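Visitor: Got a sequence here, can you model it:
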Amino acid sequence: MVRETAAGKVSLEFAAPSGMMRILGDQQLTELAKDADTRIERALTKA
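Guide: As a prediction, the model looks like this:
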């Protein structure tokens with residue numbers, strides 16, 4: 001979710017892919033999603 005918090009300021013919120021995939025109960029999918037978690041965290045750190 002992208003939310004404007006003030007003029008020119010935004011907040012970005014999302015559910016971790018691994019958390020969403022864990023709900024499905026598929027371990028392989030959850031492991032794959034953990035890689036997505038890492039990539040997203042890396043991108044947000046650089047933003």
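
Visitor: Below-threshold pLDDT in this structure: ranges please.
Guide: Residues of the chain that meet the criterion pLDDT under 70 are absent altogether.

Visitor: Tell me which residue lies farthest from the centre of it.
Guide: No residue in the chain sits farther from the centre than residue 7, which is 24.5 Å out by CA atoms, centre = their mean.

Visitor: So what does it have for phi and psi?
Guide: Dihedral pair for residue 7: phi -60, psi 120, per degrees, to the nearest 10.

Visitor: give me the element the closest residue to residue 22 other than its chain neighbours is part of.
Guide: Using CB to CB, 6 or more residues apart in numbering and skipping residues adjacent in sequence, the residue nearest residue 22 is residue 30, 5.0 Å away. Quick note: C-beta positions are derived from backbone N, CA and C, even for glycine. In this structure, residue 30 is located in helix 27-46 according to DSSP states H and E.

Visitor: same for that helix, what does it pack against?
Guide: helix 17-22 (3 or more CB pairs under 8 Å, 6 or more residues apart in numbering; DSSP states H and E).

Visitor: Tell me the buried residues in the helix it packs on?
Guide: Using 16 or more other CB atoms under 10 Å as the test for burial, helix 17-22 gives 17, 18, 21.

Visitor: Residue 34: which of those is nearest?
Guide: For residue 34, the nearest member of the buried residues of helix 17-22 is residue 18. The distance, counting by CB to CB, is 4.7 Å.

Visitor: Would you mind measuring from that closest one to residue 41?
Guide: Relative to residue 41, residue 18 is positioned 11 Å away (criterion: CB to CB, to the nearest Å).

Visitor: Repeat that for residue 11.
Guide: Using CB to CB, which is the criterion applied here, residue 11 is 16 Å from residue 41.

Visitor: Likewise for residue 24?
Guide: Taken as CB to CB, the spacing of residue 24 relative to residue 41 amounts to 21 Å.
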